[in-house]
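A.B. asks: Would you be able to build a 3D model of this:
(chains A and B)
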Amino acid sequence: MSAPLAHLEILPRSVHFLLALGLLALLAFPWTGQDFYTQMVTRMMILAIFAMSLDLLQGITGLVSLGHAAYFGLAGYVLAFMSPADAAASWLITLPVAILASALVALVIGFFVVRTQGIYFIMVTMAFAQMLYYLFFDNKGLGGSDGLYINVRPSALGLDLENKLVLYYFTLVSLVLVYVFLRRLLWSPFGRTLNGIRLNEHRTQALGYASFSYKLTAFTLAGALAGLAGYLWGVQTGYVNPELMGFHMSAHAIMMVILGGMGNVAGALIGAFGFELFLHFFKDLPTVGGFDLGKHWQLWMGSLIVLVVIVAPQGLMGLLRPRSQDD
Amino acid sequence: MDLANFLIQLLNSVQYGLLLFLLAAGLTLIFGIMGVVNLAHGSFYMLGAYLAYALTGAWDSLALAVLVGTLLSIGIGWLLEKILFRHFYHRSHLDQVLLTFGLIYIFEELRSMLWGDDVHSVGVPELLNWSINLTDTLSYPAYRLFMLVICSVLALGLWLLIGKTKLGMKIRAGAFNSDMAQALGVNIVRLHALVFAMGVALAALGGMLIAPLSSVYPYMGSQVLIMCFVVVVIGGIGSVRGALTAALLVGLVDTFGKVLLPEFASMLVYVLMAVVLLYKPEGLFKQ
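C.D. replies: Residues are numbered from 1 along each chain as shown, chains lettered A, B, ... in the order given. Reported below is the predicted structural model:
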């Protein structure tokens, strides 16, 4: 439809400063000793990994997937299948297997879907995710609509993820690694080609790049990283159900990426934290004059999303750029 | 499966297919003409069901409720197009996805504030509250047959409107090439408002008609919305004929799948869509 959005691929110093500050805050956060909030931040970091993995498709390659949650949920299920009922699995084994499973499924589905364009791509990715959703929803052997429990969280190398603090730092390290990896990828020849595909696929093809293989690689990689996030989600909640693969989860990821600003990885990261903070804030609103504001959080969240699309279509990061640099 | 059972399933699948068509017709036109991905279309279906619940509660007549509800939803559709959707026709699909997803949140919350979060039921009208006996043990409710007839009439009416009238010609021209239609003197702004309001009304009508059969419940739009997208994509975006064919096909696959392959039934529809798109990447009836 319209021209691709402008990107903050070269991050301004202010963003680097903000990210460094954020990292310090995240490193220090558990020392506040608030167990509830430590878990909330763990959840945010997991969602941030998920959002960044989608940004590789949505922002960098220009492929809007409405079924990205499929790979997220799948890894959680792999963990659930591999966890013994009364003992800890080893994350050294289950984590790579879960990520590989997500990558493999993304590779197979990607083989079909990256041929399609625009709106058809959106719809077909959604259809495949729904297929997986119903496969798990309808089959008792796969947990059915109730889902599966992970009774004992995985452990290896003396890092027991049952310990909330260990899990927190494990997630933080994963988050930093994924961010650094994607930022480097963005500026690698591979990333430049993906960027070229987003801006003008025909021209990129004419230059001799096999855009199909590039898109398929990006799709698979994004699926693998979503798998990492989904695995951590399964570890944190100790529970997986089909909703993790559902339409709402996929849309959730899209919204996080947009809220922050897409195509530069940092935006997805900021968007994920921002989205969850807004959600938390809206749900915690007080009762004013007999009207429970918090109970109607969906109204505020929906209005916020509509407002973002209308006034800040480039997300929070988009607000940073000076007016003259638009377009 | 014996004959009577087969007949019941066949009727069910056609009825489901026609219901899907009511929703998908608006969606495919809004898609085809205005280029808008409307995830909130399912909310209009829910709106219809809740209007049926609220209005039958007030007047105790489904016919009156459907009439007033349809007029109301035309108004709501017209208003939404004017204040919101009109400004998103030329935005990227991503922005549209986001906008309409935000709207789902808002509509669900408004629904919760107006009518609560409980499951409600709408009574079948007295006149249609009987069944036809097919065998000693199997019967078919008259309301389902009535719905089948009404949906068929609506589908036929829509087909005549699109295929045989001057307005339909403009709509088809708009779906084929919006700019060209405008250059040739079609008032495209009014056409857009009209098509959008019609789409909303058809979806709401579907919700009102289904209310006595299923219950009226929160988030009832999400499931059906995804099905409608499948229908639209299989049929080919912008094609009403395609939407009808695809809706009937999806109805058949889903209903018989649930009887014959219960564990994989819900997947089958998506498999169907994937297969169609592999052979016809732009749907069955893309012009």
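
A.B. asks: What mean pLDDT does the one helix or strand residue A:55 maps to get?
C.D. replies: Element membership of residue A:55 [criterion: DSSP states H and E] is helix A:35-55. Helix A:35-55 shows an average pLDDT of 90 in the prediction.

A.B. asks: do it and chain B meet?
C.D. replies: No. Applying Cβ under 8 Å from any Cβ of the partner chain, one finds helix A:35-55 separated from chain B by no less than 11.6 Å. Glycine gets a C-beta too; all of them are placed from N, C-alpha and C.

A.B. asks: roughly how far out does that helix sit from the chain middle?
C.D. replies: 9 Å (Cα atoms, centre = their mean, to the nearest Å).

A.B. asks: Let me know the secondary structure of residue B:18.
C.D. replies: helix (DSSP: H, G, I helix; E, B strand; the rest coil).

A.B. asks: Likewise for the one 4 residues further on?
C.D. replies: Under three-state DSSP, residue B:22 falls in the helix class.

A.B. asks: Quick one: the strands in chain B, in order.
C.D. replies: With strands called from DSSP state E, chain B shows them at B:131-133, B:139-141.

A.B. asks: tell me the pLDDT at residue B:286?
C.D. replies: 68.

A.B. asks: Enumerate every residue touching the nearest residue to residue B:16 once chain neighbours are set aside.
C.D. replies: Among residues not flanking residue B:16 along the chain, residue B:251 sits closest, at 4.2 Å (Cβ to Cβ, 6 or more residues apart in numbering or on different chains). Counting by Cβ atoms under 8 Å, 6 or more residues apart in numbering or on different chains, residue B:251 touches B:13, B:14, B:15, B:16, B:17, B:18, B:20.

A.B. asks: how much space is there between residue A:143 and residue A:229?
C.D. replies: 19 Å (Cβ to Cβ, to the nearest Å).

A.B. asks: Of the two, which one has the most company?
C.D. replies: residue A:229 (32 against 18; other Cβ atoms under 10 Å in any protein chain shown).

A.B. asks: which element is whichever residue of the stretch 1-150 of chain A sits closest to chain B on?
C.D. replies: The stretch 1-150 of chain A approaches chain B most closely through residue A:134 (3.7 Å), counting by Cβ to the nearest Cβ. Using DSSP H and E, residue A:134 sits within helix A:118-138.

A.B. asks: Which elements pack onto that helix?
C.D. replies: Applying 3 or more Cβ pairs under 8 Å, 6 or more residues apart in numbering or on different chains; DSSP states H and E, we find helix A:118-138 packed against helix A:69-82, helix A:91-113, helix A:247-260, helix B:93-115, helix B:220-235, helix B:265-279.

A.B. asks: Show me what the first one packs onto, helices and strands only.
C.D. replies: Looking back up the chat, that one is helix A:69-82. Counting by 3+ Cβ pairs under 8 Å, 6+ apart, helix A:69-82 packs on helix A:91-113, helix A:118-138, strand A:148-149, helix A:211-237, strand A:239-240, helix A:247-260.

A.B. asks: so what does the last one touch, helix or strand wise?
C.D. replies: In this case it means helix A:247-260. helix A:35-55, helix A:69-82, helix A:118-138, helix A:266-283, helix A:297-311, helix A:315-318, helix B:93-115, helix B:220-235.

A.B. asks: follow-up on the earlier one: in a markdown table, list the helices and strands packed on helix A:69-82 along with mean pLDDT and distance to residue B:136.
C.D. replies: What follows is those, written out as a markdown table (pLDDT from 0 to 100; distance: least, Cβ to Cβ, whole Å):
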| stretch | mean pLDDT | distance to residue B:136 |
| --- | --- | --- |
| helix A:91-113 | 90 | 49 |
| helix A:118-138 | 85 | 32 |
| strand A:148-149 | 84 | 44 |
| helix A:211-237 | 92 | 52 |
| strand A:239-240 | 89 | 47 |
| helix A:247-260 | 87 | 43 |
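
A.B. asks: out of those, which comes closest to residue B:165?
C.D. replies: helix A:118-138 (28.1 Å; Cβ to Cβ).

A.B. asks: so that closest one versus helix B:265-279, what angle?
C.D. replies: For helix A:118-138 against helix B:265-279, the angle by axes from the mean of the first three to the mean of the last three Cα atoms, to 10 degrees is 150 degrees.

A.B. asks: quick one, helix A:118-138 and helix A:91-113 angle?
C.D. replies: Angle of helix A:118-138 versus helix A:91-113, following the same axes, to 10 degrees, is 130 degrees.

A.B. asks: So which bits of helix A:118-138 are buried?
C.D. replies: A:119-138 (16 or more other Cβ atoms under 10 Å in any protein chain shown).

A.B. asks: Kindly report the same for stretch B:108-127.
C.D. replies: B:108, B:109, B:110, B:111, B:115, B:120, B:122, B:124, B:125.

A.B. asks: any idea which of those residues is the one closest to chain A?
C.D. replies: Checking these against chain A with Cβ to the nearest Cβ, the nearest one is residue B:109 at 3.9 Å.
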